[in-house]
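[1] Let's see this in three dimensions:
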Amino acid sequence: MKVAFLDTVHPILQSKLTENGFICSDKRKISSQDIISGALSEIEGIVIRSRLTINVELLKAMPLLKWIARSGSGLENIDVDEARNRGVIIYNSPEGNRDAVGEHVLGMLLMILHKLRSCDRSVHERAWAREKHRGAELKSRIVGIIGYGVMGESFASKLAGIGCKVIAYDKYRHGFGDDLVEEVTEDEFFAQSDIVSVHVPLTSETNGLVNAKWLDSFAKPIIFVNSSRGSVVNTRELLDALDNGKVISTALDVLEFEGSSLEGLDSYEDSESKAVLTRLLKTPDVYLSPHVAGWTLESYIKLSKYLADKILKDFS
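    Okay, here's the model as predicted:
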């Protein structure tokens, strides 16, 4: 089976495939136009991350394609329906970075509640402002998780040792309540949550989900965290909610201004987006990281190992 690696992943994936008779080639510099022109016409499997969008045109240009392996969890850069209609199996590996995401989100919450960013800066400036930096305990808050898949479950497991109440709402999944989390209705989610962490995939339905109307539905002011995809959040309306007190503070590992490759802030050329981004970066109660929640030394290996196991289970 001929496999093309279109993005950089941990070499353990190529090693495992090669050991099992797969013929792997490095195509990390190939363009969409190259593929449309037939460069991968004999390829039966492709390994991707976010560099390319596998749309109808590209799928047509790979007539022998049997599977797509996406390193990570998101599938928004794949025309999933078209691929499945063509009999193409889609693999992803959310299990590989679930622990990384869960830990990162927990870390961001603790940084907010215990004022760790300001604490560190203050002492470096030779201040000793103890009362100013009196923190708040996560244990006394109700944490609401929206989207209870692999990432939502992982975050709930990280909260288990804290002892806080954890609730979750998932429109498409039911019956998941257990010792870690209480399953609630959407209305109960809005009524109870003190902290909200988003773990939904990016789809046409979730694009812009977090907007003024959604944020205004919460009964209490919330701390808001997003580690899923930036476009799930309408940033301008989130900032408005910060200004009017509906949101106390926010931690964002992902921004709607990221490019489709997720490699940088290269999608904010219009003046309105530039203004919103500038406002975001100047707002004190905003905590940011550069899309690294799932980006650890360990997850880099695990993402590829899980993919290898899934592919070899079907094709070895």
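
[2] which ones are touching Leu65?
    With contacts defined as CB atoms under 8 Å, 6 or more residues apart in numbering, the neighbours of Leu65 are Leu40, Ile43, Glu44, Gly45, Ile46, Leu59, Arg86, Val88. Where C-beta positions appear, they are placed from N, C-alpha and C, glycine not excepted.

[3] Give me the subset of those lying in strands.
    Applying DSSP state E to the contacts of Leu65, the entries found in strands are Gly45, Ile46.

[4] tell me which of the contacts of Leu65 is nearest to Ser316?
    If you rank the contacts of Leu65 by distance to Ser316 using CB to CB, Gly45 comes first, at 12.4 Å.

[5] With adjacent residues omitted, what lies nearest to the closest one?
    Nearest residue to Gly45, sequence neighbours excluded (CB to CB, 6 or more residues apart in numbering): Val3, at 4.2 Å.

[6] looking at this, the one you found is in a strand?
    Yes - with DSSP: H, G, I helix; E, B strand; the rest coil as the criterion, Val3 is part of a strand.

[7] Can you spell out which residues form a bridge with it?
    Taking DSSP bridges as the rule, Val3 bridges to Cys24, Gly45.

[8] List the residues that contact it.
    By CB under 8 Å, 6+ apart, the neighbours of Val3 are Leu17, Phe22, Ile23, Cys24, Ser25, Ile43, Glu44, Gly45, Ile46, Val47.

[9] Can I have the buried ones of these as a ChimeraX selection?
    A single ChimeraX command selects the buried members of the contacts of Val3 (16 or more other CB atoms under 10 Å):
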select :17,22,24,43,44,45,46,47
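
[10] now the strands: where do they sit in this protein?
    Secondary structure of the chain (DSSP E): strands at 2-5, 23-26, 45-48, 67-70, 89-92, 142-146, 165-169, 182-183, 195-198, 222-226, 247-252, 286-288.

[11] Mind checking these for the one nearest to Arg117?
    strand 286-288 (6.9 Å).

[12] neighbouring strands for that closest one, and are they parallel or not?
    In the sheet, strand 286-288 lines up with strand 247-252 (parallel) (DSSP bridges).

[13] isn't Thr53 right next to Ser32, touching?
    Yes - Thr53 lies in contact with Ser32 (CB atoms under 8 Å); the separation is 7.4 Å.

[14] quick check: domain ranges of this protein?
    Structurally, the chain divides into domains by automatic domain parsing as follows: 2-92, 98-288.

[15] Can you lay out those domains as CSV showing mean pLDDT?
    Listed next are the domains of the chain as CSV, based on pLDDT from 0 to 100:
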stretch, mean pLDDT
domain 2-92, 97
domain 98-288, 95
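
[16] so which of the ones you listed gets nearest Asp309?
    Comparing these by CB to CB, domain 2-92 comes nearest, at 8.3 Å.

[17] how long is the closest one end to end?
    19 Å (CA to CA, to the nearest Å).

[18] ok, the closest residue to Asp240 other than its chain neighbours to Ile145 distance?
    Take Asp240 and drop its neighbours on the chain: the residue closest to it by CB to CB, 6+ apart is Ala212, 6.3 Å away. Ala212 sits 22 Å away from Ile145, going by CB to CB, to the nearest Å.

[19] Look at the two and report which has more neighbours.
    Ile145 (29 against 15; other CB atoms under 10 Å).

[20] Which strand residues bridge that one?
    Ala168, Ser197.

[21] list the contacts for it?
    Gly152, Phe155, Ala156, Val166, Ile167, Ala168, Tyr169, Val181, Val196, Ser197, His199.

[22] residues in contact with the fifth one?
    So the one you mean is Ile167. Contacts of Ile167 (CB under 8 Å, 6+ apart): Ile142, Val143, Gly144, Ile145, Val181, Glu182, Glu183, Val184, Glu188, Phe189, Gln192, Ser193.

[23] Name the nearest of the residues you listed relative to Asp243.
    Closest approach between these and Asp243, by CB to CB: Ser193, at 20.0 Å.

[24] separation between that closest one and Ser73?
    Relative to Ser73, and taking CB to CB, Ser193 is found at 23 Å.

[25] Which one of the two is surrounded by more residues?
    Applying other CB under 10 Å to Ser193 and Ser73 shows that Ser193 carries more neighbours, namely 25 against 22.
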